[in-house]
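> Test case, fold it:
(one chain, ligands or ions: 2)
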Amino acid sequence: MEGMGGGGGGLTVCRWTISFAALALTRTIFSQSFLAAAAAGGGARRPRGERGSNLRIKVKMTLEEIATGVNKKIKVRKQVSCNTCNGSGARDASSVETCGTCRGAGTVNRITQTPFGVMQTAAPCPTCGGAGQTIKAPCNVCKGDGRVFGEETIEMDLPAGVHEGIQLSMSGKGNAGAKGGPAGDLIITVEELPHDDFARNGNAIVHELFISIADAAMGAQLEVPTLDGRARIKLPPGTQSGKILRLREKGLPELQSYRKGDELIHVNVWTPKKLNDEEKRLLEKLRKCPIFNPPSKEDKSFFERVREMFT
Ligand SMILES: [Zn+2]
Ligand SMILES: [Zn+2]
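Ligands and ions are numbered 1, 2, ... in the order given. So this is what the prediction gives:
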């Protein structure tokens, strides 16, 4: 079918193209509207209207949605094909006439005399602009434009692994074209929502974990959040503040890849702020224990180990 699909449809991410599950459905709907437009136009030729403009929207995604990919239905305000005339712009079938200038061909032949002989060229018909038809009476609703302002609920499969600012495009989901012309594209810009538990660093997610001095010194079994529920981790005794624990492949997937980032647990030892007399007495006792004081700078092995934690 002439003029259908444009770039073949699909949800396009930068230089990648993602197969789009709803595409088959999209294509069917558009095929029908074009058939209707052709029928309303008398069946001779589909009017070659102007292509619709691209439509830009922003879509918010949580890290959980980015981790798995998500199907969203979003209502957008845009120019849609006029239902009354099926996008043709004509009042009814009888108000569409075959163009008298080109007799429906859409092109006219020009014969010119040149010093090299007679030249015949085909040019778009000046009367109908190449449509092969002229409209005697325009549609009352759209005033002959073939489209009206309305809204459409668009279903989109947003892929896993996207990030803030990435643009996805859906062919033919933008503004409707004038007089039955093809629709423009829908350009979706992803907005990443901030997360309460995680910061993103590429495909890794970082969780700030606060532990008590007791857990740090004696070790503990703790629960930490992940993007798909909670995970248990084991803190070894003698865990220092600043240590980073790694949960393999608990981060975000790479776009269009099977690779996954990790979740990094950044350990912070929580220092209590307000102490009562009882707590102060306990800590005074601990202060006197040599083991509660950091080793001196001369103890190279300790500081080397600290450095390793950050690499
Ligand atoms: Zn109309
Ligand atoms: Zn014509």
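> Hmm, V267 and V224 touching each other?
No: the criterion here is CB atoms under 8 Å, and V224 misses it with V267 at 10.2 Å. Placement of C-beta: from N, CA and C, glycine included.
> more neighbours, these two?
For V224 versus V267, neighbours defined as other CB atoms under 10 Å are more numerous around V267 (22 against 16).
> where does the more buried one sit relative to G52, distance-wise?
Using CB to CB, to the nearest Å, V267 is found at 54 Å from G52.
> Run through the helices of this protein in chain order.
In the chain, the segments counted as helices under DSSP state H are 23-40, 63-68, 213-218, 277-288, 300-309.
> what's the average pLDDT for the first one?
Right, helix 23-40. The pLDDT scores in helix 23-40 average 38.
> Flag every buried residue along stretch 263-282.
Buried residues in stretch 263-282, counted by 16 or more other CB atoms under 10 Å: E263, L264, I265, V267, V269.
> Now the second one. Nearest residue, chain neighbours left out?
Beyond its immediate neighbours in the sequence, the residue positioned closest to L264 (CB to CB, 6 or more residues apart in numbering) is V206, lying 4.8 Å away.
> The one you found contacts H266, correct?
Yes: when contacts are counted by CB under 8 Å, V206 is listed as touching H266 (5.8 Å).
> re the thing from before, show me what the residue nearest to L264 is bridged to.
Note on V206: beta-bridge partners by DSSP bridges are A199, L264.
> In space, what's closest to whichever residue of the stretch 151-300 of the chain sits closest to ligand 2 - neighbours in sequence excluded?
Closest to ligand 2 within the stretch 151-300 of the chain is K179: 13.9 Å, counting by CB to the ion. Take K179 and drop its neighbours on the chain: the residue closest to it by CB to CB, 6+ apart is G49, 3.2 Å away.
> and the one you found, what does it touch?
G87, G89, A131, G146, G177, A178, K179, G180, G181 (CB atoms under 8 Å, 6 or more residues apart in numbering).
> ok, now I154?
By CB under 8 Å, 6+ apart, the neighbours of I154 are K73, I74, K75, V76, M170, K173, L186.
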